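Student: Structural data only, the sequence is not supplied:
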C-alpha cells in the first residue's frame, strides 16, 4: 500500500534498489509486490521487475505479463522480457499469443521483429513443446540463434539473484563507449550476454547509475541503455534495461560470433570471489 506512493517521490536509482531488495523476498510475496508496484516504477526499471516476475516461479504474475505483451504501448524490449518471463513460468495460457507472434505474416514478411519471434519460439518450446517444435520448424528461424536463451530459475539455491542468461566469455574484448555522461569513457568488455556484462574502464560510477552505451566491433555499432551493477577498482558490471529490438538482434549475432556456445553456470560450483578482474586482451 505504501510503496506505490513512495515510488512516485523517489528517483530512478531508488526504484532500482527497491527491485533488488524485493528480489530477496520469498517467491510468493515477491510476485505479489512486483505486480502491485509495476505501474508505479520508472519506465527503465520495469524490465528488471519483469525479469523478477519470471524468476519468481509464481503463476499469479502471468495475467500481468500477458497484459503487457498485448499492450501496444509496452516497449519492444519490455515485451521481449515479458515473453521470456512467460516461458520461465511455463504459462500455457500464453501459448496462442506466442504462436501468433511467431507465425504471423503480412504478405511475404513476418509481422513481428526477429528478437520478439526468437523469444516467442524459445518460450513456446517451454510452454507447449509439441506445438512449439512444429511452429519453430516452419518459422524460418536459424537454429543457432535459438542457442542464446533465458535460463530457468534453480530451486533451493544459496544465491539471492540468479543469472538471467548463461555467461559468455568473448574470444576477444568488445569495446564500448558511454554516450550520456558529461565526460564519457571507454569500456573493454571480456564477458557479456543478452542481459549485460562486465568491463574494465577509465572511470567508475556508483551502482544504480544509468549508462548509455555504444558497442563497436569492426563496422558494426550497437546502442543500449544499462544500469551499473558492481563497481570495483578494475571492473564494472552493467545490466541492460532498454535496447531497440534491431540492436538486440545485432547483439545476439555478435555474441554468437564472439562468444560461441553459452557456459551454463552451476550454482553448486560457485564460490564467493572477492575481486573480479576484467583483463584487457590485445
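Tutor: Ah, there it is. Fair warning: this is a prediction, and the values are worked out from it, not measured in the lab.

Student: For the strand or helix carrying residue 6, enumerate the helices and strands it packs against.
Tutor: With secondary structure defined by DSSP states H and E, residue 6 is part of helix 3-7. Judged by 3 or more CB pairs under 8 Å, 6 or more residues apart in numbering; DSSP states H and E, the packing partners of helix 3-7 are helix 12-22, helix 27-37. Glycine gets a C-beta too; all of them are placed from N, C-alpha and C.

Student: Which elements pack onto the last one?
Tutor: Based on contacts counted as 3+ CB pairs under 8 Å, 6+ apart, the elements that helix 27-37 packs against are helix 3-7, helix 12-22, helix 46-56.

Student: how far does it sit from the chain's center?
Tutor: Per CA atoms, centre = their mean, to the nearest Å, the displacement of helix 27-37 from the mean C-alpha position of its chain is 19 Å.

Student: Just want the angle from that helix to helix 46-56.
Tutor: Here helix 27-37 runs at an angle of 150 degrees relative to helix 46-56 (axes from the mean of the first three to the mean of the last three CA atoms, to 10 degrees).

Student: what does the first one give?
Tutor: Between helix 12-22 and helix 46-56, the angle formed by their directions is 0 degrees, by the same axes, to 10 degrees.

Student: what's helix 12-22 in contact with?
Tutor: Residues lying outside helix 12-22 but in contact with it, judged by CB atoms under 8 Å, 6 or more residues apart in numbering, are 3, 7, 10, 30, 33-34, 37, 41-42, 44-45, 48-49, 52, 161, 208-210, 227.

Student: got it, and stretch 237-254?
Tutor: Contacts to stretch 237-254, defined as CB under 8 Å, 6+ apart, come from residues 44-45, 47-48, 75-77, 80, 113-116, 118, 145, 148, 174, 194-199, 210-211, 213, 215, 217, 220, 222-231.

Student: Check stretch 213-230 too.
Tutor: When contacts are taken as CB under 8 Å, 6+ apart, the neighbours of stretch 213-230 outside the stretch itself are 16, 44, 48, 174-179, 187, 189, 196, 198, 205-212, 236-244, 247-248, 250-251, 254, 258, 276.

Student: And the buried ones among those, selectable in PyMOL?
Tutor: Provided next is the PyMOL selection string for whichever of those are buried by 16 or more other CB atoms under 10 Å:
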select buried, resi 16+44+48+174+176+178+187+189+196+198+205+207+208+209+210+211+236+237+238+239+240+241+242+243+244+247+248+250+251+254+258
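
Student: Among the contacts of stretch 213-230, which ones are in helices?
Tutor: Secondary-structure check on the contacts of stretch 213-230 using DSSP state H: residues within helices are 16, 48, 247-248, 250-251, 254, 258.
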